[in-house]
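Chemist: Pasting the sequence and the predicted coordinates here, then a few questions.
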Amino acid sequence: MDTQDPDQPFAARQDDDPSAPVGPSLPPEIVYEIFMMAYHKDRNRRTDLLVVSKLISQWLIPAVYKMVATGHAAEVNSPSLGVLQRYGHHVKHLLLSGSLHYPYQSNDGDLIQVCPNVSDLILWHGYNVTHSIKIFDLSLSRLSVHTFSTEFEDQIRSLQKTEEEKYRSWCSNITHMAWGVVSLTSPELLPSFPNLTHFLFGEWSIPHARLQEMLDKVLKNCPGLQVVVVLLGGVQSMSELSVLDSLDDMVFDDGRVVVVDGYFVTFWLKGGRGEDDMWTAAERTVRERGTLRGISMSP
């Protein structure tokens, strides 16, 4: 009878015939790389891979639950709240959407609570910001707000008034901020983020005649910024990222300003997998211009 240990994949097996050749075993680190490559090549088969053995499951679970989106992108895991109560501590990158395909939005506050280690958060279009008060319990380094509402800005200002110490601590952790739908008053919040080095805003949300005014406000209110991305309205099908030298006839004289065209979520997904995202593409451009000062490239 085969008594192969399920937690020792690819180890040598002894058949009933003692003269049968015994296959070589593979070192665990090689087996690990094989299964991680298989997972990254086809994430739709993650369920199949998780049941290979308990050991493989232990290896893959942190990768499977590293990125979670509430029903927005098929490439991202969208587990139920019950599943996240068990595995939510693995989640590092979280996208909260107002998608009708995701049935747990009323429990988003609970969802955030069971994902306490999130460092990279997106509030996507349609997200109900009434749930967002729990966000201030997360130690975020990256925050992206793409909802068509100023209510989240109001919540930030409210926290500033009512819980100043918590507000300062929360703000001090954030280094990357994306404001997909920005108002001309949004830059007034930036001085509260002393360690902010990267800022992105959507070009489509500002009248062209006031775009330079917006940039001037951003740079004035946050002089420590190293990279400022002006994001064009890339459509969802865009899988390529374009870095432009100018916007129509508008040429920006500050070397930190980069115009980028692409779909934000596509490159958020790539960043979570360790590939280039919008930040790294913009950093590379700023570095080539010789204006990137004293920060490391984004991981």
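Modeler: Ah, there it is.
Chemist: helix, strand or coil for residue 55?
Modeler: Three-state call for residue 55 (DSSP: H, G, I helix; E, B strand; the rest coil): helix.
Chemist: Burial check on it, number of neighbours?
Modeler: Residue 55 has 17 neighbours, counted by other Cβ atoms under 10 Å. In short, each C-beta sits where N, CA and C put it, glycine included.
Chemist: what's the spacing between it and residue 31?
Modeler: Distance of residue 55 to residue 31, computed by Cβ to Cβ, to the nearest Å: 8 Å.
Chemist: Next: residue 180.
Modeler: Distance from residue 180 to residue 31, counting by Cβ to Cβ: 41 Å.
Chemist: And residue 162, by the same measure?
Modeler: In terms of Cβ to Cβ, residue 162 sits 52 Å off from residue 31.
Chemist: quick one: which of those two has more around it?
Modeler: Per other Cβ under 10 Å, whichever of residue 162 and residue 31 has more neighbours is residue 31, with 19 against 9.
Chemist: how many other residues sit next to residue 35?
Modeler: Counted with other Cβ under 10 Å, residues neighbouring residue 35 total 21.
Chemist: Tell me which helix or strand it sits in.
Modeler: Assignment of secondary structure by DSSP states H and E places residue 35 within helix 28-41.
Chemist: Mind listing what's buried along that helix?
Modeler: In terms of neighbour count (16 or more other Cβ atoms under 10 Å), helix 28-41 has its buried residues at 31-32, 35, 38-39.
Chemist: The chain: helices as residue ranges?
Modeler: Taking DSSP state H as the criterion, the chain carries its helices at 28-41, 46-50, 54-64, 81-87, 108-113, 151-162, 164-173, 211-221, 264-272, 278-289.
Chemist: Please identify which of those is closest to residue 255.
Modeler: With Cβ to Cβ as the measure, helix 278-289 is the member of the helices of the chain nearest residue 255 (4.3 Å).
Chemist: since we're on residue 155, how many residues are nearby?
Modeler: Using other Cβ under 10 Å, residue 155 is surrounded by 16 other residues.
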